[in-house]
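using only what follows, build the 3D model:
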Amino acid sequence: MIKYIGNTPLIKLEHLSDETGCNIFGKAEFMNPGGSVKDRAAKYILEDAIKKGLIRKGGTVVEGTAGNTGIGLALVGNALGLKTVIVIPDTQSEEKKATIRACGAELIEVPAVPYKDENNYVKYSKKVAESYENPNGVLWANQFDNDANKIGHYNETGPEIYNQLDGKINGFICSIGTGGTLSGIAKYLKDKNKDIKIGLADPHGAAIYSFFKDGELRSEGSSVTEGIGQGRITKNIEGLEVDIPLRISDTDALNVMFQMVETEGLYLGGSAGINVAGAVEMSKHMEAGSNIVTILCDSGSRYLSKLYNRNFLINNDLPCPDWV
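Below is the predicted model:
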């Protein structure tokens, strides 16, 4: 299955393009075998580790993840003959947890606490990795600070986007989880054409927007989105240049997410909502007719119990269409 990761379609979002006067495109990462953009990070990290001799068939991969990277690592790991152990915050959707288990990985749930806490899921996963012994190697995937993540997006995702538009791209924007997707793609696009604008779509509760806007890591509010939002400069974020930093509210993201169901026929998750809402906002800073690309991270099916659940939406004072 590994060779089928990547080379995803680039979809023009027709209604949103008409509304904004720019051409907004979404990279259909939900069409990867594991259903998300994180299949790419899993592939890049595991292939790099095997190449470096850090792990071989029969080895154990351990990672802390909000869900999608865990699914990707489990499936890519299965294809490479590796056992996978995933540590996840207990606040993540039940759909993601069930999918990780269904992919054959061992799942460890931990309370959701900030990164500064020693029991944060990322730090806890490192402890788990250090506690394992396996003659074929134990790899702590460390997606946040493993630059194989960023390099992989530079080598593959960036060129795919550039070539799909024959180089006619004016802007790229997405949110940050680990930072690998935005950093890798942004560097490739800037290397091809320094005039391409790079945007950041950051949810409330994350600190990267303020870092690129004011030079200070500062967070405000909170968000119901999963897998994105960062409070520190990871190794994958280091060196990133952002021209247009934007903060996107849950309300704007969900309105766009539901609009995509209704008008584009695309049933996507909250991070795609943040990304596309960011592209819409970015269009206000661009010339009419500009080509703006973002990432459609995963399917809405992973958020049925939350973002497509009427009770959850109403109880959290979030937008709720009549059809939900």
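
quick one: strands adjacent to the helix or strand containing Phe25?
Using DSSP states H and E, Phe25 sits in strand 23-28. When pairs are called by DSSP bridges, strand 23-28 turns out to pair with strand 10-12 (antiparallel), strand 291-296 (parallel).

quick one: which of those strands is nearest Thr91?
strand 291-296 (22.8 Å; Cβ to Cβ). Backbone N, C-alpha and C define where each C-beta goes, glycine included.

neighbouring contacts of the closest one?
Strand 291-296 has contacts (Cβ atoms under 8 Å, 6 or more residues apart in numbering) with 10-11, 22-30, 37, 161, 165, 168-174, 181, 201, 266, 268, 271-272, 275-276, 278-279, 282-283, 286.

now, of those residues, which are buried?
Neighbour-count burial within those applies to 11, 22-30, 37, 161, 169-174, 181, 201, 266, 268, 271-272, 275-276, 278-279, 282-283, 286; the criterion is 16 or more other Cβ atoms under 10 Å.

who are the contact partners of Tyr132?
Neighbouring residues of Tyr132 by Cβ under 8 Å, 6+ apart: 60, 62, 85, 138.

who wins on neighbours among the residues you listed?
With neighbours defined as other Cβ atoms under 10 Å, the most crowded of those is Val62; it has 26 neighbours.

coming back round to it: would you convert the strands paired with strand 23-28 into TSV that also reports mean pLDDT and distance to Leu246?
Listed next are the strands paired with strand 23-28 as TSV, based on pLDDT from 0 to 100; distance: least, Cβ to Cβ, whole Å:
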stretch	mean pLDDT	distance to Leu246
strand 10-12	98	21
strand 291-296	98	11
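
out of the ones you listed, which is closest to Arg101?
Among the strands paired with strand 23-28, if distance is taken as Cβ to Cβ, the winner is strand 291-296, at 25.2 Å.

for stretch 239-255, buried residues please.
240, 242-248, 250, 252-255.

quickly find the element holding Tyr44.
Here Tyr44, judged by DSSP H and E, is contained in helix 38-51.

quick one: the helix or strand that that helix is followed by to helix 38-51, angle?
Later in the chain than helix 38-51, the nearest helix or strand by DSSP H and E is strand 60-64. Calculated by axes from the mean of the first three to the mean of the last three Cα atoms, to 10 degrees, strand 60-64 forms an angle of 140 degrees with helix 38-51.

on that earlier part again, among the strands paired with strand 23-28, which comes closest to Ile50?
strand 291-296 (26.2 Å).

what comes up buried for the helix or strand following that closest one?
Downstream of strand 291-296, the next assigned helix or strand under DSSP H and E is helix 310-315. By neighbour count with 16+ other Cβ under 10 Å, helix 310-315 contains the buried residues 312-313.

begin at 801 from now on, thanks
In the new count, where the first residue is 801, that last one comes out as helix 1110-1115.

re the thing from before, okay if I get the strands paired with strand 823-828 as JSON lines plus distance to Lys803?
Converted to JSON lines, the strands paired with strand 823-828 look like this (distance: least, Cβ to Cβ, whole Å):
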{"stretch": "strand 810-812", "distance to Lys803": "20"}
{"stretch": "strand 1091-1096", "distance to Lys803": "21"}
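
of those strands, flag the one that's most buried.
Among the strands paired with strand 823-828, strand 1091-1096 has the highest mean neighbour count (mean count of other Cβ atoms under 10 Å), at a mean of 26.

wait, doesn't Ala1088 sit right on Cys822?
Yes. If you go by Cβ atoms under 8 Å, Ala1088 and Cys822 touch, sitting 6.8 Å apart.

the helix or strand of the chain with the lowest mean pLDDT packs against which elements?
Ranking every helix and strand in the chain by mean pLDDT, DSSP states H and E puts helix 894-902 at the bottom, with a mean of 94. When contacts are defined as 3 or more Cβ pairs under 8 Å, 6 or more residues apart in numbering; DSSP states H and E, helix 894-902 packs onto helix 868-880, strand 883-889, strand 906-910.

ok, 7 Å please
helix 868-880, strand 906-910 (3 or more Cβ pairs under 7 Å, 6 or more residues apart in numbering; DSSP states H and E).

gap between the spatially closest residue to Glu1016 that is not a sequence neighbour and Arg1018?
Distance criterion Cβ to Cβ, 6 or more residues apart in numbering; nearest residue to Glu1016, sequence neighbours excluded, is Ser1010 at 5.7 Å. According to Cβ to Cβ, to the nearest Å, Ser1010 stands 4 Å off from Arg1018.

related to what we said a few turns ago, hmm, who's touching the strand holding Phe825?
Strand 823-828 is contacted by residues 808-813, 816-817, 961, 1076, 1079, 1083, 1091-1096 when judged by Cβ atoms under 7 Å, 6 or more residues apart in numbering.

stretch 915-925 too?
862-864, 887-889, 910-911, 913-914, 940, 944, 1031-1032.
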